[in-house]
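*Asks:* quick one, structure for this:
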Amino acid sequence: MGLKETLEKISDKAEKAAEKAKKALAEAAEKKAAEEEAAAEAKKAEQTKKAAKMASEEEIKDKMIDQATQTELETQQTYTPEDQKVQTNELLDTSGKTISAQTTGAAGEIKAEDFAQKAPKAKGPAKGYQAEETAPKVGDAEAAEGSLSQGSIMQAAQGTVSPASLAKAATATMDPRATTQFQLEQLLSGIEDGKPLPSWASPAVRSVAGVMASRGLGASSMAAAAMTQAVMESGIKVASEDASRYQTLQLANLSNEQQATLQNAATYAAMDTANLNNRQMAAVNNAKAFLAIDLQNLTNEQQSKTITYQSKVSALLSDAAAANAAKQFNARSQNEVDLFFAELGANIESASLNRVAGLKQFNINNKIAVDQFNAQMKTTKDQFNANMRLQIDQSNAVWRRNVNTANTAAQNEANRLNVMNLLGIQQNAMNNIWQAYRDQASWNMKISENAKDRAHNAAMQSAQIAGDKDLYDDQYDDWLTIEMIDNFFTGGSSNQTA
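*Replies:* Coordinates of the predicted model:
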């Protein structure tokens, strides 16, 4: 093969190699253009996402600024305590707790007319007759015997414990609102799709979102799980605090109910004891009154029998004396006889008047004693009722004072919580604003550094491609030179052999 053919063959190979190199360069250029187009599309999408994110971040920043400068809590952020009210059935009244005075009826009176004696009258002129003896006709005096009436026999008053004086332990069941589970369900039910998170969950979610975004996991499932965990942890703290408040309130109400039950039971027990004492005193006083009446009746009966016996003796003595006087003074005139009987009648009338005066004085004394007893019973009743009303008023005053104290403590606690919530919201908002500024500055720094890195990498890649092309051209020229020299000295034998 001649030199010309060798050169043509080498030229053909060189053209093929050049076409191959051009094709490789074209493919590299197309690939680079595709990569640049894809990078441009990604950059455009990133800019769109960044713009949307910036708009959302602006709204969040405005919200955080509003919270940082907030001076008053909103209605949904304010804790308002529920005041306790004094119920009607919690107050004591005097119904069934007072007594009425027991009175004794008027004492029976003895009629003095039943014991009056009439003076004997002379039956005519004295007659002479035998003197008679009075001793066989007088007989023995009879003693009056009395028996106790049914009312004078006292029976001990028996008391029973009233059902109202038996204290019962106050019990209660756990209020669902006092459980952390119930409060957590209430808090989580306020989270709705498409709406901002509640104030108690926003700080933790923003913190987790910032950490995940700084690690490049802002849109990952790990970020969603971390945000959910942050919401649950924040909700558990708030729910535990709310449940604790309900537990404290329920325990205070149960304690107040138990104290009221014990106070009412003690009051009823004291009232039962006082009523038993009053019944016992009334029974004793009534028995004494009946016994006094029985004794007085026995005394009156004895006096009546004594007077009757004395009257009988006096009459017999008078008759005997008259008969003896008639026998002795048979010779006296009728005027003397009349004078004797007149004096005898005056004595009898004087004795009758004295007995009538004594009986009337006895009736007056009995009436005064009954009136004094009734007045004493009325005074005792009024004093007991006044003491009972005073104790009831004191109990009601203590209960109202306890309710007012509990309401004041609840209001003070609510004010403290509201102030702490307001300061907490302001501090969290300021921390979030500074964190947002730090995140934005860090993000801008990273964007700037990434842009410079990409530009540097692109420049290095372009320099490498240009260097590779120059190196290829130099190697190709060297190869052509070596091939031409080799063919020239060997005469194409190597090509033939090949």
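*Asks:* wouldn't residue 204 be in contact with residue 231 here?
*Replies:* Yes: checked against C-beta atoms under 8 Å, the pair residue 204 and residue 231 is within contact range at 6.8 Å. Yep, even glycine has a C-beta here, placed from its N, CA and C like the rest.
*Asks:* ok, residue 230 - how many residues close by?
*Replies:* Burial of residue 230, expressed as a neighbour count using other C-beta atoms under 10 Å, amounts to 19.
*Asks:* run the chain-centre distance for the helix or strand encompassing it.
*Replies:* In this structure, residue 230 sits in helix 221-328 according to DSSP states H and E. Mean-position distance between helix 221-328 and its chain equals 33 Å (C-alpha atoms, centre = their mean, to the nearest Å).
*Asks:* who does it touch, helix- and strand-wise?
*Replies:* helix 135-138, helix 180-189, helix 202-214, helix 334-490 (3 or more C-beta pairs under 8 Å, 6 or more residues apart in numbering; DSSP states H and E).
*Asks:* out of those, which comes closest to residue 33?
*Replies:* Distances from residue 33 to each of these were compared using C-beta to C-beta; the minimum, 12.8 Å, belongs to helix 334-490.
*Asks:* what mean pLDDT does the closest one get?
*Replies:* For helix 334-490, mean pLDDT is 80.
*Asks:* same deal with stretch 246-265?
*Replies:* Taken as a whole, stretch 246-265 has an average pLDDT of 86.
*Asks:* which of the residues in it are buried?
*Replies:* 246, 249-250, 256, 258, 260, 263-265 (16 or more other C-beta atoms under 10 Å).
*Asks:* count of residues packed around residue 186?
*Replies:* For residue 186, the number of neighbouring residues by other C-beta under 10 Å comes to 14.
*Asks:* now it: closest residue in space, sequence neighbours ignored.
*Replies:* Excluding the flanking residues, the one nearest residue 186 by C-beta to C-beta, 6 or more residues apart in numbering is residue 239, at 7.7 Å.
*Asks:* which pLDDT does the model give residue 296?
*Replies:* According to the predicted model, the pLDDT of residue 296 comes to 85.
*Asks:* and for the one 3 residues further on?
*Replies:* Per-residue confidence for residue 299 comes out at a pLDDT of 85.
*Asks:* quick check: closest non-adjacent residue to residue 238.
*Replies:* Counting by C-beta to C-beta, 6+ apart, the residue nearest residue 238 is residue 200, at 5.0 Å.
*Asks:* wait, what's in contact with the one you found?
*Replies:* Residue 200 makes contacts with 187, 234-235, 238, as judged by C-beta atoms under 8 Å, 6 or more residues apart in numbering.
*Asks:* over to residue 29?
*Replies:* Taking C-beta under 8 Å, 6+ apart as the criterion, residue 29 is in contact with no other residue.
*Asks:* relative to residue 267, how far out is it?
*Replies:* Separation of residue 29 from residue 267 (C-beta to C-beta, to the nearest Å): 105 Å.
*Asks:* same question for residue 345.
*Replies:* Spatial separation of residue 345 from residue 267 under the definition C-beta to C-beta is 72 Å.
*Asks:* one step back: what about the residue nearest to residue 186, how many neighbours?
*Replies:* The burial metric for residue 239, expressed as a neighbour count using other C-beta under 10 Å, is 22.
*Asks:* that one against residue 180, yeah?
*Replies:* Yes: using C-beta under 8 Å, residue 239 is in contact with residue 180, at 4.8 Å.
*Asks:* if we can go back for a sec, for the residue nearest to residue 238, give me the pLDDT.
*Replies:* With respect to pLDDT, residue 200 has a value of 80.
*Asks:* helix, strand, or coil at it?
*Replies:* Classification of residue 200 by DSSP: H, G, I helix; E, B strand; the rest coil places it in coil.
*Asks:* can you report how many residues lie near residue 44?
*Replies:* As a burial measure, the neighbour count of residue 44 was computed by other C-beta under 10 Å and equals 10.
*Asks:* that one and residue 468: what is the separation?
*Replies:* Noted for residue 44: a distance of 31 Å to residue 468, by C-beta to C-beta.
*Asks:* and residue 288, by the same measure?
*Replies:* With distances taken as C-beta to C-beta, residue 288 is found 139 Å from residue 468.
*Asks:* can you get me a residue count around residue 410?
*Replies:* The local packing of residue 410 (other C-beta under 10 Å) involves 20 other residues.
*Asks:* ok, residue 428 next?
*Replies:* Neighbour count of residue 428, defined by other C-beta under 10 Å: 19.
*Asks:* not counting its neighbours along the chain, what's nearest it?
*Replies:* With C-beta to C-beta, 6+ apart as the measure, residue 203 is the residue that lies nearest to residue 428, at 5.0 Å, once sequence neighbours are left out.
*Asks:* the one you found contacts residue 234, correct?
*Replies:* Yes: taking contacts as C-beta under 8 Å, residue 203 lies within contact range of residue 234: 7.5 Å.
*Asks:* pLDDT wise, what is residue 11 at?
*Replies:* The per-residue pLDDT of residue 11 was computed as 68.
*Asks:* shift numbering so it begins at 29
*Replies:* Let's use 29 as the start, then, which means that last one is residue 39.
*Asks:* rewinding a little: run a quick neighbour tally on the residue nearest to residue 456.
*Replies:* Counted with other C-beta under 10 Å, the neighbours of residue 231 add up to 20.
*Asks:* any idea how far it lies from residue 459?
*Replies:* For residue 231, the distance to residue 459 (C-beta to C-beta) stands at 8 Å.
*Asks:* ok, residues contacting stretch 231-249?
*Replies:* Under the criterion C-beta under 8 Å, 6+ apart, residues 88, 225, 250-251, 254-255, 257-259, 261-262, 456, 459-460, 463, 467, 470 lie in contact with stretch 231-249.
*Asks:* please pick the buried ones from the residues you listed.
*Replies:* Neighbour-count burial (16+ other C-beta under 10 Å) is assigned, among the contacts of stretch 231-249, to 88, 225, 251, 254-255, 258-259, 262, 456, 460, 467.
*Asks:* please report the distance of residue 56 from residue 291.
*Replies:* For residue 56, the distance to residue 291 - C-beta to C-beta - is 99 Å.
*Asks:* I appreciate the help and will end here.
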